[in-house]
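Participant: For reference, the sequence and a predicted model appear below.
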Amino acid sequence: MIKKSWQDKLFDFCNTIFMILIMFITAYPLWHVLMGSFSSPRLLSAHTGLLLKPLGFYWDSYISVFTNPNILSGYLNTLFVVVVGTLSSTLITAIGAYCMSRKAYPFKRTIMFFFIFTMYFSGGIIPTYLLTNNYLHMGNNRAVLIIPVLITTYNMIILRSGFEAVPDSLEESARIDGANHIRILFQIIIPCAKAPMAVIVLYYAVSYWNEWFRASLYITDKSKLPLQVILREILNTVASGDAAEAIALTESVRYASIIVATLPVLCVYPFVQKYFVKGTMIGAVKG
């Protein structure tokens, strides 16, 4: 065993203190929001400084959120958009990344131009104009939350780099056995690129989960609004009550809304964390 010098010990000590400080800076805002969501609104509005425990134990903030008649439909709409949007975006991104990563793929330049063109204008001037004027007849349709942002350039770059890391010998062996491009993609390339696949699934899922802007523009039917817009309306409704009480209650409801909106994502993240760093680094150092 190598004996550490005092310089190494000092470095380890300072590094540990620094990492603990970073962990506290990162974790405390989440803890503050959680404690604030269970705090009495009047005590919370008068409180200053760190919030390490609930100020009284108050459930009414969550009751205000969950008793809203649109909260269940908001959750269901958001889950629909997340599941369908993530699957669709991941599938199309994987197809595009496969075309860009294969050296001998036919019409590679044409396909690359098509995807780049699509990604550039996705969510841009043309789709916004068509949707705003209802030329596509997608008003009050949940598809409007998916189609304009179906592909993300950064995600395709990450996945293309991950696909390029798969040895060519595996593809050549599959071709000798008579495999076509579809079998090569789904049975060889994707299973060998689990890390970047997990990363883009997480990116797409979080993006669709947080979607609210397009919904507020193109959807007027409350039964089709996603969760984020419903929570925003709850805050506006609370704030429109008695001035003194509303100011106190709004802060507590805001914290409860943040917990309701972020908890599902926080529960999913640990399951893909082991792939996250590896998949991101593949996209950072290649291509």
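Facilitator: Here it is on my side, so go on. Residues are numbered from 1 along each chain as shown.

Participant: From here on, just use CA atoms for contacts and neighbour counts.
Facilitator: OK.

Participant: where does the stretch 101-250 of the chain have low pLDDT?
Facilitator: Low-confidence segments of the stretch 101-250 of the chain, defined by pLDDT under 70, span residues 104-139, 235, 237-249.

Participant: could you pull out the helices for it?
Facilitator: Ranges of helices in the stretch 101-250 of the chain, per DSSP state H, counting those that start in this stretch, are 108-121, 125-132, 153-164, 168-176, 181-184, 190-192, 194-209, 213-218, 227-239, 243-285.

Participant: For the shortest one, enumerate the helices and strands it packs against.
Facilitator: Under the contact criterion of 3 or more Cα pairs under 8 Å, 6 or more residues apart in numbering; DSSP states H and E, the helices and strands touching helix 190-192 comprise an empty set.

Participant: Same check on the third one?
Facilitator: Using 3+ Cα pairs under 8 Å, 6+ apart as the contact criterion, the secondary-structure elements in contact with helix 153-164 are helix 71-101, helix 194-209, helix 243-285.

Participant: now the first one against helix 194-209, angle please.
Facilitator: In this case it means helix 71-101. Here the directions of helix 71-101 and helix 194-209 differ by 140 degrees (axes from the mean of the first three to the mean of the last three Cα atoms, to 10 degrees).

Participant: follow-up on the earlier one: out of the helices and strands packed on helix 153-164, which is closest to residue 60?
Facilitator: Residue 60 lies closest to helix 243-285 among these, at 8.4 Å (Cα to Cα).

Participant: related to what we said a few turns ago, right, and the helices and strands packed on helix 153-164 - which one's nearest residue 146?
Facilitator: helix 71-101 (5.4 Å).

Participant: and the helix or strand hosting residue 33, which residues are buried?
Facilitator: Taking DSSP states H and E as the criterion, residue 33 maps to helix 6-37. The neighbour-count check on helix 6-37 (16 or more other Cα atoms under 10 Å) flags 32-37 as buried.

Participant: Including distance to residue 229 and mean neighbour count, could the helices and strands packed on helix 153-164 go into a markdown table?
Facilitator: Shown next, in a markdown table, are the helices and strands packed on helix 153-164 (distance: least, Cα to Cα, whole Å; neighbours: other Cα atoms under 10 Å):
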| stretch | distance to residue 229 | mean neighbour count |
| --- | --- | --- |
| helix 71-101 | 8 | 20 |
| helix 194-209 | 11 | 21 |
| helix 243-285 | 11 | 17 |
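
Participant: would JSON lines of those helices with distance to residue 217 be doable?
Facilitator: Below are the helices and strands packed on helix 153-164 laid out as JSON lines (distance: least, Cα to Cα, whole Å):
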{"stretch": "helix 71-101", "distance to residue 217": "16"}
{"stretch": "helix 194-209", "distance to residue 217": "16"}
{"stretch": "helix 243-285", "distance to residue 217": "20"}
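
Participant: quick one, which of these is nearest to residue 12?
Facilitator: Closest approach to residue 12 among the helices and strands packed on helix 153-164 is made by helix 243-285 (23.0 Å; Cα to Cα).

Participant: most centrally placed residue in this structure?
Facilitator: residue 206 (1.2 Å; Cα atoms, centre = their mean).

Participant: which residue packs closest to that one, ignoring adjacent ones?
Facilitator: Leaving out its chain neighbours, the residue that sits closest to residue 206 by Cα to Cα, 6 or more residues apart in numbering is residue 265, at 7.1 Å.

Participant: what's the pLDDT at that neighbour?
Facilitator: Residue 265 is assigned a predicted lDDT (pLDDT) of 80.

Participant: how much space is there between it and residue 75?
Facilitator: Distance, residue 265 to residue 75, using Cα to Cα, to the nearest Å: 13 Å.

Participant: Spit out the contact partners of the residue lying closest to residue 50 once chain neighbours are set aside.
Facilitator: Distance criterion Cα to Cα, 6+ apart; nearest residue to residue 50, sequence neighbours excluded, is residue 32 at 7.7 Å. Residue 32 makes contact with 50-52, according to Cα atoms under 8 Å, 6 or more residues apart in numbering.

Participant: State the pLDDT value of the closest residue to residue 59 other than its chain neighbours.
Facilitator: Leaving aside its sequence neighbours, residue 59 sits nearest to residue 38 (Cα to Cα, 6+ apart; 6.2 Å). pLDDT for residue 38: 87.
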